[in-house]
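J.: show me how the following folds:
(chains A and B)
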Number of protein chains: 2
Amino acid sequence: MAIWLEQASQDFEQAFAAFLTTKREVSEDVNIVVRDIIDDVRSRGDEALAHYSLKFDGLDFNKTSMHVTAEEIDAAIAQVDPAVLDALKFASARIEKHHARQMPKDDIYEDDIGVGLGSRWTAIDAVGLYVPGGTASYPSSVLMNAVPARVAGVERIVMVVPANGGIINPAVLAAARIAGVEEIYRIGGAQAVAALAYGTQTIAPVAKIVGPGNAYVAAAKRHVFGTVGIDMIAGPSEVLVIADKNNDPEWLAADLLAQAEHDEGAQSILITDDADLGKAVEQAVERQLKLLSRSKTATASWRDFGAIILVENLAASVPLANRIAAEHLELAVDDPDALMAGVRNAGAIFVGRHTPEVIGDYVGGSNHVLPTARSARFSSGLSVLDFVKRTSILRLGPEQLRQLAPSAITLARSEGLDAHARSVAIRLNLEG
Amino acid sequence: MAIWLEQASQDFEQAFAAFLTTKREVSEDVNIVVRDIIDDVRSRGDEALAHYSLKFDGLDFNKTSMHVTAEEIDAAIAQVDPAVLDALKFASARIEKHHARQMPKDDIYEDDIGVGLGSRWTAIDAVGLYVPGGTASYPSSVLMNAVPARVAGVERIVMVVPANGGIINPAVLAAARIAGVEEIYRIGGAQAVAALAYGTQTIAPVAKIVGPGNAYVAAAKRHVFGTVGIDMIAGPSEVLVIADKNNDPEWLAADLLAQAEHDEGAQSILITDDADLGKAVEQAVERQLKLLSRSKTATASWRDFGAIILVENLAASVPLANRIAAEHLELAVDDPDALMAGVRNAGAIFVGRHTPEVIGDYVGGSNHVLPTARSARFSSGLSVLDFVKRTSILRLGPEQLRQLAPSAITLARSEGLDAHARSVAIRLNLEG
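T.: Numbering: from 1, shown residues only, chains lettered A, B, ... in the order given. Next comes the predicted model:
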C-alpha cells in the first residue's frame, strides 16, 4: 500500500521531488507579513521576487537583471580604493589561515569488542549568505561569513544583497570575489530568504542560510528554520571592558564607543576596580562622542545601555563577566591571564591593553560573528563547524550483534517497542 | 549618563540582576497558548507551575512535592526489573565511552607575526533535560541526552518530566540515576520549559534545554530560544534501507517496522535494485504488521509514508539517499563501503546486514538523537559539542598591533565607522 517509485519510469524525477516535499507536520505561523511573502515566493518564484524588489527596493528586473554578472563585479572592483582592496585581501588571508585550523577530523575506530564506530564530517552542499543593504552593508561581514564556508569545503555559496535602485556597495562585491563567492543576486528581505530556502526558477535552493539582517530577515530565517539550517539570530553588538587603574582612559573610551556607534541598541560596559579611572573614562567618552560622525547613534546607545561597574577588586569582575556573557570581552589589566582563567562565558576575549576589539572585527583572523545577548552562555561564534555536519557510523558483524543483542532486546521490550526487539532478534533466530 | 552599578552598594545584586535582564529588543509571539503559559510562569513562578500541573497532569503540589527526592528515586529503582537496570548500565557505559572521544580540544597558538589566537572550549554551566510523560517516556532517551552532557562537564543537569497523577516511569528515574542526574522535577509541558528557561522560586534557570516533547514543548522551546539554547526540534523518526538482492526480506521488513511503530508520522523507505526483493519485503511487512502490539501506529505510518524505491543499480541509490538525507540509513548490501563513500547527507549510517538501526537506538554507543526531516543536509546528531561552547581568543602586543593597525583602520574608515578607526589609531598615536 505504500507508494512505489521507480527510477526507470519517466515521471520518477517529478514523483521523487514531490515525495521529498511531502508534508508530514504542520508548521506554525510566526509573522503574518513575512509568512505571506514567503508563501508568495514559494508559489510564484521569480515573479514574486520581481514584485517585492520593485515594491521595496525600487528595482525593476525588466531593466536590471536579478543576477549580478562577473562583468558587473569586475566593474565594481575597479571602483574600490586599492588600499581597501589590499586590506580586504590581507584580512581574508588571515581569516582563512585561522579558520583552516578549525576543520574537525573524522574519527573512525573499532572498540574492544570489534564494533565499528565513527564520526564522519562533510561540508554542507550549498549555503546562502545574506548581506544587508544600505549603511549596514559591510564588506568585512562578507569575509567573515564566506571564508569559513569556503574553508569547510562548501561547493556552492550564494550571496543575496538588496540593491536599492540597483546599486550594491562595490566593496561588498569586491569582498565576495576575494572570498570566492561568484553566485550573487540583488534581492533582499524576507523574499530573498524564501528564495534561498525554497528556490525559484532562477535560484536553486540552499541547505543553510547565514548572515545578519533586519527584523524581516530575522523573522524569515526563524520561519524557514527546519527547512534549512540558519546561523544564530544576532542582536545588537556589545562589549565588556575590564580595566585596572593602569590604563589610558582615552583608549578605553574609544573602545566603548566603537561598540556604541554600531547601533542604538548596542551596549558598552566598563568594569573597573578604580573609581577614578571610571570617572576619567566617562569624561573621555563624553569628549570623544562629539567627534564621531555617528555621534547620534553612539550617544543614544551609551545613554540607554552604557554602564560602568566598579568592583571591589579585579577578581570580583570574573563572576560578573560570566553572568554578562558578553559578545566581546576586553581584559585591559596588568595580568590578563589571571582573569582569563576564570572566564567561562564570552564570545571572544581580547587579551591585554594592545588588543582593541576592533582588530577582531577586521584583521585578527578570528571571526567577528559572535553570540550576543548573553547567548555566549550556550553558544559559540561562527566557525568552520557551522558549515559542516557529522554523520555517525555504526558497523557490527554477526559476533558483535550477538554480544549487543540481549541488552538491546531487553530495553526495546521494556519500552514496549516490539518491532524494535524483533529487528534484532530475527537476525539471531531469537524470540523477538 | 550611563547607569553606574557598584558592587559595594547594598542593592548591587538586585540592580545587577535587573541590568542583566534589561530588554533591548522586542521578541515575537509564536503561539498564543504557549506564550500565555510562559508569561504566567515568568510572573508567578512556582504558583503558575502548581496551577498548570493541577490542570494538565492532575497533580496537586500540596500533596505531592514538585521535587523528586533521592528516596523516591531509590524506591523507583527497586521496582525496575534487574535485567533492565543491567541493560541501562551497559548502554550508559558504551554511550559514555564513545562520547568521550568527541570532546573538542583547545587550540591556542601564535601565528607567524606573533599574534596570539585561540579557541577555548568550556562546558555549558547548566542544562535542562525534558523527558516526555506517558508512552513516550523512554529511559534510553534519558541516557542519550544526559550522558553527553555529563561527559562534556556540565555541572548541573536538571530533568523535568510530567507525572500524571504523580507517577513517573520508574525506568526513567533509574536511567537518570545511572546517567548522574539528581535534580528532577515532576513538571511538563510549556510550563516546564518556561521554568527551566526563566527559573522559579524552586528551580534555578539553565542555559540550554534539550530533549524531545509534544507540540507545546516544541513551541515553548522555539519561544525561549535566544534566552537559552535549545537542541534541534525533532520530527517523526525515519529510516532509509538500501538493500541488494542478497537479503532476507524478513530482516528488512522488521527494520522498516521498527521505525514505523514509533509514530504515525514516521517514515520507512526501502531502496533496492531488485524488484523481487522489494515485493518480498512488502509481503513480509504485511505479515509482520499483524504481530505488533503497536500495529495500528505502524500500519498508519507504513500506509501513509512508507516507500519502496527501485533503482537501476545500487550506485544510483547514493544520490537519492543524499537528497532524502535520512535520519537513519542502513546499507544492507554486499559492499557497503562502496556506497558509503558517496553518502554525504545522513544522520547515522548502519553498515552491513548485521547492523540493524535498533542497535543504535540502545547500545551501539553512538547517539540516537539524530536530525530528522531532511535536516541531515545541514545538521548533526546530538553530541558532546552540543554541551560546550567555544570562546575565541585574540592577543596582540604593541608590535603586532602596529602591523595590523593600518589594514584595520583602512577597513573601518571604508565602512564609515570612525570610532572603530580611532580605537586602533589612538593606541599608536595615529590619526583615527
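J.: check contacts around the closest residue to A:V68 other than its chain neighbours.
T.: Leaving out its chain neighbours, the residue that sits closest to A:V68 by Cβ to Cβ, 6 or more residues apart in numbering or on different chains is A:I184, at 4.1 Å. In short, each C-beta sits where N, CA and C put it, glycine included. Listed by Cβ atoms under 8 Å, 6 or more residues apart in numbering or on different chains, the contact set of A:I184 reads A:H67, A:V68, A:I73, A:V158, A:M159, A:V160, A:V161, A:L173, A:A176.
J.: in strands, which of the residues you listed fall?
T.: Those of these mapping onto strands are A:H67, A:V68, A:V158, A:M159, A:V160, per DSSP state E.
J.: pLDDT and neighbour count for those - can I get that in CSV?
T.: Output for those, formatted as CSV (pLDDT from 0 to 100; neighbours: other Cβ atoms under 10 Å in any protein chain shown):
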residue, pLDDT, neighbour count
A:H67, 97, 14
A:V68, 96, 23
A:V158, 98, 22
A:M159, 98, 28
A:V160, 98, 29
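J.: nearest to A:Q79, of those residues?
T.: Using Cβ to Cβ, A:V68 is the member of those that lies nearest A:Q79, at 14.1 Å.
J.: that closest one contacts A:L173, doesn't it?
T.: Yes. Between A:V68 and A:L173 there is a contact under Cβ atoms under 8 Å: 7.0 Å.
J.: thinking again about what came up before, which strand residues bridge the residue nearest to A:V68?
T.: Following DSSP bridges, A:I184 is listed with bridge partners A:V68, A:M159.
J.: got a pLDDT number for it?
T.: On pLDDT, A:I184 comes in at 98.
J.: could you do A:R101 as well?
T.: For A:R101, the model assigns a pLDDT of 97.
J.: that one reaches B:I108, doesn't it?
T.: No. Applying Cβ under 8 Å, one finds A:R101 not in contact with B:I108, separated by 10.7 Å.
J.: of these two, who's got more company?
T.: Applying other Cβ atoms under 10 Å in any protein chain shown to A:R101 and B:I108 shows that A:R101 carries more neighbours, namely 15 against 11.
J.: show me the contacts for the closest residue to chain B within the stretch 151-300 of chain A.
T.: Relative to chain B, the nearest point of the stretch 151-300 of chain A is A:G229 (3.3 Å; Cβ to the nearest Cβ). By Cβ under 8 Å, 6+ apart, the contact set of A:G229 is A:I124, A:A207, A:K208, A:I209, B:S375, B:R377, B:F378, B:S379.
J.: out of these, which sit inside strands?
T.: Going by DSSP E, the strands hold A:K208, A:I209 from the contacts of A:G229.
J.: from the contacts of A:G229, which has minimum pLDDT?
T.: Ranking those by pLDDT, B:S375 lands last with 93.
J.: count of neighbours near it?
T.: Using other Cβ under 10 Å: B:S375 sits among 26 other residues.
J.: I figured it was touching B:A234, is that so?
T.: No. Between B:S375 and B:A234 there is no contact under Cβ under 8 Å: 9.3 Å.
J.: mutual contacts of these two, please.
T.: Common neighbours of B:S375 and B:A234 (Cβ under 8 Å, 6+ apart) do not exist.
J.: am I right that the residue of the stretch 151-300 of chain A closest to chain B sits in a strand?
T.: Yes. Counting by DSSP: H, G, I helix; E, B strand; the rest coil, A:G229 is part of a strand.
J.: list the beta-bridge partners for it.
T.: A:K208.
J.: C-terminal to the helix or strand of chain A with the lowest mean pLDDT, what's the next element?
T.: The weakest-scoring helix or strand in chain A, judged by mean pLDDT, DSSP states H and E, is helix A:12-20 (a mean of 68). Using DSSP states H and E, the helix or strand that follows helix A:12-20 towards the C-terminus is helix A:32-44.
J.: what helices and strands are in contact with the following helix or strand past that next one?
T.: Downstream of helix A:32-44, the next assigned helix or strand under DSSP H and E is helix A:46-57. Under the contact definition 3 or more Cβ pairs under 8 Å, 6 or more residues apart in numbering or on different chains; DSSP states H and E, helix A:46-57 sits against helix A:32-44, helix A:189-198.
J.: in this structure A:D106 contacts A:R120, no?
T.: Yes. Between A:D106 and A:R120 there is a contact under Cβ under 8 Å: 5.0 Å.
J.: A:R427 belongs to a helix?
T.: Yes. Assessed with three-state DSSP, A:R427 lies in a helix.
J.: which residues touch it?
T.: A:R427 neighbours (Cβ under 8 Å, 6+ apart): A:L401, A:A405, B:W251, B:R353, B:H354, B:P356.
J.: check A:V210 too.
T.: A:V127, A:G128, A:L129, A:Y130, A:N145, A:A149, A:I230, A:D231, A:V369, A:L382, A:D386 are the contacts of A:V210 under Cβ under 8 Å, 6+ apart.
J.: adding pLDDT and neighbour count, write those out as JSON lines.
T.: What follows is these, written out as JSON lines (pLDDT from 0 to 100; neighbours: other Cβ under 10 Å):
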{"residue": "A:V127", "pLDDT": "98", "neighbour count": "32"}
{"residue": "A:G128", "pLDDT": "98", "neighbour count": "27"}
{"residue": "A:L129", "pLDDT": "98", "neighbour count": "26"}
{"residue": "A:Y130", "pLDDT": "97", "neighbour count": "28"}
{"residue": "A:N145", "pLDDT": "98", "neighbour count": "28"}
{"residue": "A:A149", "pLDDT": "98", "neighbour count": "29"}
{"residue": "A:I230", "pLDDT": "94", "neighbour count": "24"}
{"residue": "A:D231", "pLDDT": "93", "neighbour count": "20"}
{"residue": "A:V369", "pLDDT": "96", "neighbour count": "21"}
{"residue": "A:L382", "pLDDT": "98", "neighbour count": "24"}
{"residue": "A:D386", "pLDDT": "98", "neighbour count": "25"}
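J.: could you pick out which of those are located in helices?
T.: A:N145, A:A149 (DSSP state H).
J.: more crowded one of A:D106 and A:R120?
T.: In terms of neighbours (other Cβ under 10 Å), A:R120 is the more surrounded of A:D106 and A:R120; the figures are 18 against 12.
J.: now the more buried one: which helix or strand?
T.: strand A:116-123.
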